[in-house]
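Engineer: Could you work out the structure for the sequence below:
(6 chains)
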4 protein chains.
Amino acid sequence: MIVNLTDKSEESLQAQLVRQIRTLILYGDLEAGRQLPSIRQLAGEQRVSVVTVQRAYEALEGLGLIHVRRGKGYFVSELSHEDRMTFSRTQLLARLVPIFRQARAEGLEASGLQEAVRIALEVSGRD
Amino acid sequence: MIVNLTDKSEESLQAQLVRQIRTLILYGDLEAGRQLPSIRQLAGEQRVSVVTVQRAYEALEGLGLIHVRRGKGYFVSELSHEDRMTFSRTQLLARLVPIFRQARAEGLEASGLQEAVRIALEVSGRD
Amino acid sequence: MIVNLTDKSEESLQAQLVRQIRTLILYGDLEAGRQLPSIRQLAGEQRVSVVTVQRAYEALEGLGLIHVRRGKGYFVSELSHEDRMTFSRTQLLARLVPIFRQARAEGLEASGLQEAVRIALEVSGRD
Amino acid sequence: MIVNLTDKSEESLQAQLVRQIRTLILYGDLEAGRQLPSIRQLAGEQRVSVVTVQRAYEALEGLGLIHVRRGKGYFVSELSHEDRMTFSRTQLLARLVPIFRQARAEGLEASGLQEAVRIALEVSGRD
DNA sequence: GTGGTCTAGACCACA
DNA sequence: GTGGTCTAGACCACC
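Structural biologist: Predicted coordinates for the structure are as follows:
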């Protein structure tokens, strides 16, 4: 499983793990039912503490994206394509709303907001 | 100057100060050239450590929104309406792009993104 | 013999085996003197390790519900109907007391306790 | 703050902390708004790891019984007497139902259940 | 001072 | 082998 961790980011290692694995699952690179690397294995590979990986896995479990089978390991949960899209859209919405509120509070008009959104959509679509 | 701080938020006091003062300036409630409350005064009013205010002011200075005059205090920098809009839009853009990238990485199509944006714009407009 | 195991429960496989076989015996589905499936057979049927079944049988033996005959296998022990009821009631009592103690320590009055018990009895009786 | 930990119990240290502090709060020994001992202090006093205390505090926060103020510490949340009773009753109910179901599955009649409950209530009320 | 995060070991129950 | 729990250190941002 491919993840890239850096301690130069202001995002914690745990958070980086959660975000990246979340992406792998939602995008479909980790299909439902597949076993995740064991806590110890991933910790070893990524040179992080077991506790860090464990907490990341617990967080993903809390999101309903993975589940644990005692003595077996962690597995990707069953999510329909629709489930995944709904999940992504909900999370996206939760992040956008406060940002738009802030921008509005600073005096940006709807037209300015839309312009910024248009550019951001375009920029994010490249590369 | 009206700010509302709470130590129940997960946003740090410093971050709350920066965000709220930034909003006051960009929205125009604090016009250019006006003096900000002294560090000690604001700290006293808000029951907050001097260091917290100090660092918040430094952050705003780094953003180019305020400047210090030795021995006088902090003042709101000159920004044309256009400057303010540009500033807001730039900051907005910087926050939106990584979010959209993440959503795209999770498989959300342009149509799904736009749908979420449409809803978020509407929701954020109510207040 | 009918048991249902799942590795999605937080109850260990061993504990699930003990609880379910215990129920079969106490309810009378497994009459006294009857031979239990061999360790290997049950392990095979249930896709579970031999060790898991072994330990479950040992636990049931410790409870006095089954006994082993060297070279023959495990058998359901002789228990009169009254014995079974006494056993169930004793086990029930042992589980209820600490729970009630805890609730009392949290300030629940006798009336509140009884109300909760009344509801729990009703809810557990449906299905 | 008085807690008693033992590593002889099969209950984890974390769980013991959660249960005991929960009791102190619900019973009213720790009144609303009061600051809990700092993670480090409690860890030192009780000779447990900081992480153990931290996870216990996080669990209590998840239950809504305490909350954290950054850089200040953990504090007991505001709960009306009624809130506390509701909380206790709900938790109690959640523990009783599966126990009663199990007893019923083993053939205990309503009368037997009630008899056991009666005795348990009495026993738990002594000392 | 506070909590938040992290490390590198360790022991346990369970499979 | 797996996860669950624990320890005893450590560094950081924040107050």
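
Engineer: secondary structure element for the closest residue to residue A:89 other than its chain neighbours?
Structural biologist: Once flanking residues are discounted, residue A:89 sits nearest to residue B:116: 5.1 Å by CB to CB, 6 or more residues apart in numbering or on different chains. For glycine as for every other residue, the C-beta is placed from the backbone atoms N, C-alpha and C. Secondary-structure assignment from DSSP states H and E places residue B:116 in helix B:110-126.

Engineer: surely the residue nearest to residue A:89 meets residue A:85?
Structural biologist: No: judged on CB atoms under 8 Å, residue B:116 makes no contact with residue A:85 at a distance of 10.3 Å.

Engineer: So if I had to pick from the two, which one is more boxed in?
Structural biologist: Taking other CB atoms under 10 Å in any protein chain shown, residue B:116 and residue A:85 do not tie; residue B:116 has more neighbours (23 against 17).

Engineer: if I pick the more buried one, what's in contact with it?
Structural biologist: A:89, A:92-93, A:96, B:103, B:108 (CB atoms under 8 Å, 6 or more residues apart in numbering or on different chains).

Engineer: Recalculate using a threshold of 10 Å.
Structural biologist: Counting by CB atoms under 10 Å, 6 or more residues apart in numbering or on different chains, residue B:116 makes contact with A:88-97, B:100, B:103, B:108.

Engineer: Name the helix or strand for residue A:67, please.
Structural biologist: strand A:66-69.

Engineer: Can that strand be said to contact chain B?
Structural biologist: No: on the criterion CB under 10 Å from any CB of the partner chain, strand A:66-69 is out of touch with chain B, staying 15.2 Å away.

Engineer: need the contact list for the residue nearest the centre of chain A.
Structural biologist: Centroid-nearest residue in chain A, with CA atoms, centre = their mean: residue A:19, separated by 2.9 Å. The contact partners of residue A:19, by CB under 10 Å, 6+ apart, come to A:3, A:11, A:56, A:59-60, B:102, B:105.

Engineer: same check, this time on residue A:12
Structural biologist: Applying CB under 10 Å, 6+ apart, the residues near residue A:12 are A:18, A:52, A:55-56.

Engineer: By neighbours, which of those residues wins?
Structural biologist: Going by other CB under 10 Å, residue A:56 tops those with 25 neighbours.

Engineer: In this structure that one contacts residue A:65, no?
Structural biologist: No: at 11.2 Å, residue A:56 does not count as touching residue A:65 under the criterion of CB atoms under 10 Å.

Engineer: shared neighbours of those two, anything?
Structural biologist: A:18, A:21-22.

Engineer: Switch those residues over to JSON lines; also include secondary structure, pLDDT and distance to residue A:28.
Structural biologist: Listed next are those as JSON lines, based on DSSP: H, G, I helix; E, B strand; the rest coil; pLDDT from 0 to 100; distance: CB to CB, whole Å:
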{"residue": "A:18", "secondary structure": "helix", "pLDDT": "96", "distance to residue A:28": "18"}
{"residue": "A:21", "secondary structure": "helix", "pLDDT": "97", "distance to residue A:28": "13"}
{"residue": "A:22", "secondary structure": "helix", "pLDDT": "96", "distance to residue A:28": "12"}
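
Engineer: Now do the helices in chain A.
Structural biologist: Taking DSSP state H, the helices of chain A run over residues A:13-27, A:39-46, A:50-62, A:81-105, A:110-125.

Engineer: can I get those in TSV with distance to residue B:122?
Structural biologist: Listed next are the helices of chain A as TSV, based on distance: least, CB to CB, whole Å:
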stretch	distance to residue B:122
helix A:13-27	25
helix A:39-46	41
helix A:50-62	29
helix A:81-105	10
helix A:110-125	10
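
Engineer: which of the ones you listed sits most buried?
Structural biologist: helix A:13-27 (a mean of 20; mean count of other CB atoms under 10 Å in any protein chain shown).

Engineer: ok, that helix near DNA strand F or not?
Structural biologist: No: using CB under 7 Å from any atom of the strand, helix A:13-27 stays clear of DNA strand F, coming no nearer than 12.2 Å.

Engineer: from the middle of its chain, how far away would that helix be?
Structural biologist: Centroid separation for helix A:13-27 versus its chain: 4 Å, with CA atoms, centre = their mean, to the nearest Å.

Engineer: what's the spacing between the closest residue to chain C within chain A and DNA strand F?
Structural biologist: Nearest residue of chain A to chain C (CB to the nearest CB) works out as residue A:69 at 4.5 Å. To DNA strand F, residue A:69 is 8 Å away according to CB to the nearest atom of the strand, to the nearest Å.

Engineer: and what of residue A:33?
Structural biologist: 15 Å.

Engineer: Likewise for residue A:19?
Structural biologist: Applying CB to the nearest atom of the strand to residue A:19 and DNA strand F gives a distance of 19 Å.

Engineer: same deal with residue A:7?
Structural biologist: 10 Å.

Engineer: Confirm for me that that residue is in contact with residue A:48.
Structural biologist: Yes: if you go by CB under 10 Å, residue A:7 and residue A:48 touch, sitting 9.3 Å apart.

Engineer: Just want to know which of these two has more residues nearby.
Structural biologist: In this view residue A:7 and residue A:48 are compared by other CB under 10 Å, and residue A:48 has more residues nearby, 18 against 10.

Engineer: Point out where chain A drops to low pLDDT.
Structural biologist: A:127 (pLDDT under 70).

Engineer: which ones are touching the residue of chain A closest to chain C?
Structural biologist: Residue A:69 neighbours (CB under 10 Å, 6+ apart): A:35, A:75, C:6-9.

Engineer: residue contacts, residue A:86?
Structural biologist: So residue A:86 contacts A:79-80, B:112 (CB under 10 Å, 6+ apart).

Engineer: Equivalent analysis for residue A:1, please.
Structural biologist: Contacts of residue A:1 (CB under 10 Å, 6+ apart): A:20-21, A:24, A:29-30, A:34, A:36-37, A:41-42, A:45-46.
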